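**Q** Got a sequence here, can you build the structure:
(chains A and B)
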Amino acid sequence: MQSRELLSGASGRNRVMLGIAALVLIIIVGLSFRQWTRYMRANAEATRITASVDEAQQLLTKLVDAEMGQRGFLLRGENRYVEPYNQAIQESVRTRTSAEGEAAAQMALMATVAGSLLVLFFVAGVDPSARREPQAEARRWWIQYGAAILASVLALGLRRALLPFLAPTEVPFSISLLAVMFAAWFGGIWPGMLSIAVSALGSAYYFTEPVGSFVVASRSAQIQLFLFIVVGLGVALVSSSQRRAMARAMEAESAERVERQRYGTTLASIGDAVIATDVAGRVTFANRVALGLLRWPANEASGMPIDDVFRIVNEHTRATVESPVRKVLREGAIVGLANHTILIARDGTEVPIDDSAAPIRDANGAIQGTVLVFRDITGRRSAEATSRLLASIVEASDDAIISKDLNGIITSWNRGAERMFGYSAEEIKGQPISLLAPPDRLDEMPEILQRIGRGERVNHFQTTRRAKSGEVIHVSVTISPVHDAAGKVVGASKIVRNITEQVRAQEAIAEHRERLRVTLSSIGDAVIATDTAGNISYLNPVAEQLTGWTVEQASGHPLEEVFRIVNEESRQTVENPVSKVLREGRVVGLANHTLLIARDGTEIPIDDSAAPIRDAQGEMMGVVLVFRDVTERRLAAERLTTILKYLPVGVGVVDIAGRVLIGNPVWKQYMRGNIPAVDDEENKRWRAFTPDGRPLPRNEYPAIRALRGEEVVPGIDFLRKQDDGTEKWTRISAVPFREPDGRISGALTVLQDIDEERRAEEQRRELFAKQRALEIEKDLRNTEAELARLTRALSVGELASSIAHEINQPLAGVITNAEAALRWLGAETPDIREVRDSLTLIIRDGNRAGAVIRRIRDFLSKGGPQEAPLHINDVIHESLGLASAELQSRDIALALELSSDLPVISGDRIQLQQVMLNLIMNAAEAMASAQQAKELRVVSQKSAAGGVLIGVQDSGVGIAAQEMPKMFQAFFTTKPTGMGMGLSISWSIMEAHHGRIWAERNKDGRGLTVWFSLPPRSAAASHPS
Amino acid sequence: MSADPAVIFVIDDDLSVREALRNLFRSVGLKVETFGSAQEFLAARRPNAPGCLVLDVRLPGLSGLDLQRQLVESDIGMPIVFITGHGDIPMSVRAMKAGAVEFLEKPFRDQELLDAVQVAIERDRRERRERMEIAGLRRRYDSLTSREQEVLALLVRGLVNKQIGDKLNISEPTVKLHRGRLMHKMAANSLADLVRMAEKLGISSARQPPPPE
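**A** Residues are numbered from 1 along each chain as shown, chains lettered A, B, ... in the order given. This next block holds a predicted model:
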């Protein structure tokens, strides 16, 4: 209803106004559409540009890598450094072919240029990581909204100002559309909405019925308000999007402009020459460097054919080389570096160059032109040569040249290092440098790295390092930091010099020097050194002590002042040995009998000598004087002389030839010239013997042996013929004299008179031998006695059964008689007479048995031989008493022919019984197997010597003549069970009694008689037993 | 003890032993004769009376054992008691085998010796008696005729008269005659008595095998 009212109520003006509004609306829509399409186009363009720019940036990054790599290549000459560079070229080609459109074509140009360049970005100082300027910050929101409100208010004001022309309620909203449009354009959609709201409220308040209220009463006003809001929204949308599109387009354009400007700047400022041509090969652009190299002014080059401007020939052949531009245009491909090319500039200057060219293509890939890049490689040539030289120096260096990064990881390793440490470059690269440090030097490493990290240089740092073999090497290390282009420390290069030899030599020198010093200070001799003028330069402590001068006092003084010497006897000043050395230039030996007068006047006997000190050239540098206090030595020598003089033995010294050098008085008594070993005349007096009694050869004489190096102690005994013809025992010992070097220079011989000793010894020995013989004899006798006793026991054993019988008989008699006596007593009338007779018999028989036993006991008694006077017949009877039973049992008849007129003899009863018993038993044995009558005849007679002669004769088998001599030897026996001791013992007993025992074969050829004789008592007593 | 007094002959070379034994035997009332050696003994006249020999084994000249052998050989059946100072087993065995009564070792216990001597004397008596008996029988036997001796021999073999007659080719009555006569001569009371006599005489029936039938 309102709208109808409005329509109906609308006047012509209203229609006009509506028409205007519609027209405005149409215009706005139209404009908006155009803006939209432009926006879309700009947007696409901007996207492309952004993509190209990004690619270009990536490319730049790679180029920087390539540049770095090339630097490395130049430095090292290793191909792997060129790898990033080659990649970068590939990259640029790819980029170019994928790029499209105008901007892309420009970018392709740029990329091509960049790809051909090696240095430029770096040199130009462009930081490829740097981003474009950040976008200006979006407009503040309050400005946007403020502007919206202000615009709305202004529109309301404008409507109000139009009140005179328009009715207050006519066209209440349309004017405000302008405000909405502005607000949306300026602030975007939301400020536009705000503007719609404000305008609607304001218009409703002021310009609709009822005015002064927000109520919109009229239908037409309501329609208008609705339309306003709809149209306002549309306007706001269009305006804001248009604004955004424009902003985007501006932004893209601005970015492109920035890039373009940058590349332009770059091209203009790069170090390499760049020339761009069109498809016809005419120059369209040449940068400053190119113009400089070509010697062309900037304005003239443009439009010139490239072959006129860029003339190149082969370095060696001087033939013109086809311009790479032509080649690119013909082949459509990138032409790489042509080596050994020389550019001939406009003024004829020749410059060695590297060049390359690449096509510039449009979006469709059609070639639009070329870009040629070249550079003056004079510098690089020399740099390359230098770096190769350096590299070969590094390789050839005996010093180890090592580089490492800041973590201490080894990055390069030359041959010197290989030789020094034994690690090959392959095995050590990538290893920590600490591998080389000996355990005690490990803590150095971090410190050095720290210093290097701070950019400091470490010079000639002496330390030790360990080789692969474990050997410790003394080294001098110089370490310098390695900076990258930005001046940042990225590692260290170190030069290691093996100074082991040097260190050792220094140590040796130091040691030598120290030893010398210590030697001089500790040496027992005094040492004074002078210069060539004879002024003192050094005194050792002993010299200080002897002279009474200290080094400080004496230094610089003339020697004569400090070292005053006089002759001991004449008291005359003696010429200073140093002066003599200085004069004669040779060593001056000991001057004897010299007294040193010390500073305090003390006189000291000295030995001195002096020698020149010469330098390596033999030039005399000074003199060294050595002297010593000989007081002690002189005293010692005097003492020795005294000792030798009164020594009771002879002491002499001979030289190597055996000549006597010195000899003390005793020695001279015995030796009247040279030693006998070397003196034939002297030797006649001397005799000595080898252990086996032969004359001792002269080369075994003590002095000779000593000269051979032997110590002949305690010496050899000699017999020396005295002047009176007697001989005297002397003992000569000798020891070698050795020089300090071990050489034998002579011998010391010592001569002792041992005559008395020797003779006493001989006597003693003789006496001893006699005593010994006596002892042995005594022992022998004891042994014999014991043996005799044993053999007696043996014979008793043999006789045992006979003896038992001998005892049994009387024993049986005793018992039987006793029984009988009992029976006599037991009779009815005891017969006392018979009893007494029985007892008498018992007593007789008992005695008889006792006698037998006593006899045996005596015979076996132990005790030693007891000499007593005795009748030999008693002995015979006793022996037979022991043997009778045996003889009887053997059916041997006994015949006794004992003389009653025999002298008393002296002897041991038992031993003589033993002899008898032996002979009787031997005889019995001899007859054991006899077939004829067995008769044993025992004879005793007075001997011719007044003693007794006893014979025991058998009729037995006898003995072979050849065995007779053996009869009395021990262990000789003819009996199968005999021991062979009996006769041997009998022999000994006879000897002890000074008697004799022997055997004879009987004249009738049967049996044997053994005789023994004993001296009469008086004769026996005269011999001690 | 029988009426005829026995005599002990002591032979020992040792005076002590001889005298002691004489003393001992005398003390028990035996007659003793002592000799220093076997020769002395053999040379001496010995009384015909029962007795025994006390003999030392070891004697000078002829030893005790030699004497024993000699005595046995000469059929002097005098019993011997050996005494020895040192006897050994082979010697004693020899002696005993040769018929010694006892072998005593000196010093011996008197009773032992006396017992041995007693036994020896008894044996001597018996043997003497026996010897006398056999001598009588022998005498009687010798008095037989040869025919009678033949008959006797067959009789003791257990043959009857007829058989004897057949054997001797004589008639039975003749046999009877011989038989009666010889029985008388031999003073045999019975055939058994005769057989015993024949045995003593050594006419052993066993030794002559019976004639084949």
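**Q** Can you pull the domain assignment for the chain?
**A** You didn't say which chain, so I picked chain A. Domain ranges of chain A: A:2-36+A:138-248, A:47-131+A:258-266, A:272-382, A:397-505, A:523-634, A:647-753, A:867-1022, per automatic domain parsing.
**Q** I was after chain B.
**A** Split into domains by automatic domain parsing, chain B comes to B:7-129, B:144-201.
**Q** before we move on, the earlier item: can you say which of the domains of chain A is nearest to chain B?
**A** Closest approach to chain B among these (C-beta to the nearest C-beta): domain A:867-1022, 6.3 Å. Where you see a C-beta, it was placed from the backbone N, CA and C, and this is true even at glycine.
**Q** I'd like the distance from the closest one to the chain centre, please.
**A** 97 Å (C-alpha atoms, centre = their mean, to the nearest Å).
**Q** picking up where we left off before, between the domains of chain B, which one is closest to chain A.
**A** That would be, of the domains of chain B and by C-beta to the nearest C-beta, domain B:7-129, which comes in at 3.2 Å.
**Q** any residue of the closest one up close to chain A?
**A** Yes: using C-beta under 8 Å from any C-beta of the partner chain, domain B:7-129 reaches chain A at B:13-14, B:16-17, B:19-21, B:23-24, B:26-28, B:58, B:60, B:83, B:85-86, B:106-110, B:113.
**Q** That domain spans what distance, first to last residue?
**A** End-to-end span of domain B:7-129 (C-alpha to C-alpha, to the nearest Å): 16 Å.
**Q** can you redo the domains of chain B as TSV with distance to A:V814, mean pLDDT and mean neighbour count?
**A** What follows is the domains of chain B, written out as TSV (distance: least, C-beta to C-beta, whole Å; pLDDT from 0 to 100; neighbours: other C-beta atoms under 10 Å in any protein chain shown):
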stretch	distance to A:V814	mean pLDDT	mean neighbour count
domain B:7-129	8	85	19
domain B:144-201	47	86	16
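**Q** With distance to A:R571 as new columns, can those be given to me in TSV?
**A** As requested, those are exported to TSV (distance: least, C-beta to C-beta, whole Å):
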stretch	distance to A:R571
domain B:7-129	123
domain B:144-201	163
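**Q** sec struct for A:T317, please.
**A** coil (DSSP: H, G, I helix; E, B strand; the rest coil).
**Q** Which residue ranges of chain B form strands?
**A** Using DSSP state E, the strands of chain B run over B:7-11, B:31-35, B:51-56, B:80-84, B:102-105.
**Q** So the residue of chain B most remote from its centre versus B:K162, what's the distance?
**A** Distance from the centre of chain B peaks at B:S171, with 40.7 Å (C-alpha atoms, centre = their mean). To B:K162, B:S171 is 9 Å away according to C-beta to C-beta, to the nearest Å.
**Q** now swap in A:S382 and tell me
**A** A:S382 sits 188 Å away from B:K162, going by C-beta to C-beta.
**Q** do the same with A:V578
**A** A:V578 is 180 Å from B:K162, by C-beta to C-beta.
**Q** quick one, strands of the stretch 701-850 of chain A?
**A** Secondary structure of the stretch 701-850 of chain A (DSSP state E, counting those that start in this stretch): strands located at A:712-721, A:727-738, A:744-753.
**Q** Go through those strands and name the closest to A:W185.
**A** Proximity to A:W185, assessed across these by C-beta to C-beta, is greatest for strand A:727-738 (127.7 Å).
**Q** In the sheet, which strands lie alongside the closest one, parallel or antiparallel?
**A** In the sheet, strand A:727-738 lines up against strand A:712-721 (antiparallel), strand A:744-753 (antiparallel) (DSSP bridges).
**Q** Contacts for it, please.
**A** By C-beta atoms under 8 Å, 6 or more residues apart in numbering or on different chains, the residues outside strand A:727-738 that reach it are A:653, A:670, A:687, A:701-703, A:705-722, A:744-755, A:757-759.
**Q** Determine how far the last residue of stretch A:545-558 lies from the first.
**A** 18 Å.
**Q** Just give me how far that stretch sits from the chain centre.
**A** Using C-alpha atoms, centre = their mean, the offset of stretch A:545-558 from its chain centre is 49 Å.
**Q** Please apply the same query to stretch A:446-456.
**A** With C-alpha atoms, centre = their mean, you get 33 Å for stretch A:446-456.
**Q** Alpha carbons of that stretch, as CSV, please.
**A** This file holds the C-alpha atoms of stretch A:446-456, laid out as CSV (Å, rounded to 0.1, in the frame of the first residue of the first chain):
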residue,chain,number,x,y,z
PRO,A,446,89.5,-28.2,22.5
GLU,A,447,91.5,-25.2,23.6
ILE,A,448,93.1,-24.8,20.2
LEU,A,449,89.7,-25.2,18.5
GLN,A,450,88.3,-22.5,20.8
ARG,A,451,91.0,-20.2,19.9
ILE,A,452,90.6,-20.9,16.2
GLY,A,453,86.9,-20.4,16.7
ARG,A,454,87.6,-17.0,18.0
GLY,A,455,89.5,-16.4,14.8
GLU,A,456,92.9,-16.4,16.4
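**Q** Please point out which parts of that stretch sit buried.
**A** A:I448, A:L449, A:R451, A:I452 (16 or more other C-beta atoms under 10 Å in any protein chain shown).
**Q** And the contacts of that stretch?
**A** Here stretch A:446-456 has contacts from A:L406, A:N407, A:G408, A:V458, A:F461, A:I479, A:S480, A:P481, A:H483, A:V489, A:G491, A:A492, using C-beta under 8 Å, 6+ apart.
**Q** can we see that at 7 Å?
**A** For stretch A:446-456, contacts defined as C-beta atoms under 7 Å, 6 or more residues apart in numbering or on different chains pick out A:L406, A:G408, A:V458, A:I479, A:P481, A:V489, A:A492.
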